[in-house]
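Participant: Okay, here's the prediction I keep looking at, along with the sequence it came from:
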Amino acid sequence: MTIRLIVIAVGNPSRADDALGPLLLDRISSTFPDLHTLSDFQLQVEHALDLQSADQVLFIDAATGLEQPFRFSEIKPQAGNTVLSHALSPPAVLEVLQRITGQTPPPSFVLAVRGAEFELGQPLSDQATAALQAAWQFICPLLAQPEVGNWRAHTLPENSCKPI
C-alpha cells in the first residue's frame, strides 16, 4: 500500500533562519519528487483542506528555544487560534480539518529546526546551516520509509520551543 504523505514547510525565505522550512523542503522535493509538498509563509485555515486526502502529514518550520538542532514530534488536533486568524499552528490546522470534515486527522508530525536569526534580508546563520544539515540527515531515511510506527519510534522527547 502506498502512503500519501503530505509535507508542508512554513517560513519566509527573506528572513534569515525563517527560511529553514522552505530550504529543507527544496531538498526533500528534489530527492523525493513523488511526494506531495507545499510551502507557505504561514499556516492558514485553507491548509486544512490540503490534508483531506493525506494518510500522513509532516510539517516543517524553524523554531527557537531548542537545545538540539531539531525536534521531531507527533502532534494531535488542538484548538489554538480562532478560524478568524490568518496564522495557525500545525495542531490548530488539524483541529480545523477535524471540525470541517468530521474526520479524524491523519497521523501528523512536526520537524522543528533550530533557528537563531530572523532579520529581514539576512542570510541563514551558521547555527541554522548546521541544524538544517542535521535535520536533513534525520528526516531523509524516514521519508524513504514513511510508516507511522517507524516515525513514532523516532520521535524525540519534548522540550520547549517556540515556532516562528
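Facilitator: Looks like it arrived, so ask away. Numbers count the residues shown, from 1 in each chain.

Participant: just checking, what packs against the longest helix along the chain?
Facilitator: The residue-count maximum for a helix in the chain (DSSP state H) belongs to helix 126-144. Packing contacts for helix 126-144, counted by 3 or more Cβ pairs under 8 Å, 6 or more residues apart in numbering; DSSP states H and E, involve helix 20-31, strand 56-64, strand 70-75, strand 108-114. (Each C-beta comes from the backbone N, C-alpha and C, glycine too.)

Participant: Which among the ones you listed is found nearest to Pro90?
Facilitator: strand 56-64 (4.2 Å; Cβ to Cβ).

Participant: related to what we said a few turns ago, what comes up buried for the longest helix of the chain?
Facilitator: 128, 131-132, 135-136, 138-139, 142 (16 or more other Cβ atoms under 10 Å).

Participant: does Ala9 sit in a helix or strand, and which one?
Facilitator: Using DSSP states H and E, Ala9 sits in strand 5-10.

Participant: Now do that strand against helix 126-144, angle only.
Facilitator: For strand 5-10 against helix 126-144, the angle by axes from the mean of the first three to the mean of the last three Cα atoms, to 10 degrees is 170 degrees.

Participant: returning to what we had before: possible to save the helices and strands packed on helix 126-144 as CSV with mean pLDDT?
Facilitator: Listed next are the helices and strands packed on helix 126-144 as CSV, based on pLDDT from 0 to 100:
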stretch, mean pLDDT
helix 20-31, 96
strand 56-64, 94
strand 70-75, 94
strand 108-114, 95
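
Participant: Can you tell me the element the spatially closest residue to Lys76 that is not a sequence neighbour falls in?
Facilitator: For Lys76, ignoring the flanking residues on the chain, the nearest one in space by Cβ to Cβ, 6 or more residues apart in numbering is Pro91 at 6.4 Å. Taking DSSP H and E as the criterion, Pro91 maps to helix 90-101.
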